[in-house]
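In: Coordinates for the following, if possible.
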Amino acid sequence: MRLPFFVYGTLRPGEVNHDHFLRGRTSSEEPVRLDGVVLYDGPGYPYAVEEPRGTVRGELVTALPEAYDDLLVALDRLEDYAPGDPDNLYERIECDVVRDVDGVSVRAWVYVAAPAVAAELRARGKLIGSGDWLVRG
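Out: Below is the predicted model of the structure:
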C-alpha cells in the first residue's frame with residue numbers, strides 16, 4: 001500500500017535528514033498532527049510513543065510515484081526497521097493524521113517506538129511536552 005509518510009523529527013523541513021532523504025522525492029509536504037502519541041527525545045532524534053491523550057506535530061509527506069519504492073526502503077533503513085524483526089528500534093504502522101489546513105484525516109505510515117524501546121522511554125525517557133520536535137527547547 002502506497003501511503004504518505006508522517007514525519008515528526010529529523011526528516012522535517014530544515015532538519016538534518018530532510019534534504020538527504022526527501023529532497024526531489026516528494027510531491028507535497030504539509031503540516032499535520034497525529035493524536036494518540038507523545039514524543040520522547042532519543043537523544044538526537046525523537047521517538048513517538050503511543051499514549052491516548054498525546055498529540056505530535058509533523059508533516060505529511062507524499063512521495064512522487066516514481067520515487068516511492070526507493071524512498072520506503074531508505075526510510076525503513078534510516079529508522080532501523082525491518083518487518084518482523086524483534087530488534088527493531090521503530091515499528092512502521094498505519095495511522096490517521098489530521099491536516100492543519102482543513103481538518104481532514106489522512107491515512108499515513110508512521111514510525112513509532114518499538115515496544116521494548118517504548119517501555120524504556122516511558123520509564124526513563126525525556127518527554128518533549130510540546131509534542132513538536134522543532135520547539136523541543
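In: what about Pro31, neighbour count?
Out: For Pro31, the tally of surrounding residues (other C-beta atoms under 10 Å) stands at 15. C-beta coordinates here come from the backbone N, C-alpha and C atoms, glycine included.
In: A helix includes it, no?
Out: No: applying DSSP: H, G, I helix; E, B strand; the rest coil, one finds Pro31 to be strand, outside a helix.
In: What separation is there between the spatially most central residue of the chain and Met1?
Out: In the chain, the centroid-proximal residue (C-alpha atoms, centre = their mean) is Val7; its distance is 3.7 Å. Val7 sits 18 Å away from Met1, going by C-beta to C-beta, to the nearest Å.
In: Remind me what the helix or strand Pro52 falls within packs against, helices and strands.
Out: Taking DSSP states H and E as the criterion, Pro52 maps to strand 46-63. Applying 3 or more C-beta pairs under 8 Å, 6 or more residues apart in numbering; DSSP states H and E, one finds that strand 46-63 makes contact with strand 5-7, strand 26-41, strand 90-99, strand 105-113, helix 115-124.
In: Mind giving me the packing neighbours of the third one?
Out: Counting contacts by 3+ C-beta pairs under 8 Å, 6+ apart, the secondary-structure elements packed against strand 90-99 are strand 26-41, strand 46-63, strand 105-113.
In: State whether Gly84 is indeed within a strand.
Out: No: counting by three-state DSSP, Gly84 is located in no strand; its state is coil.
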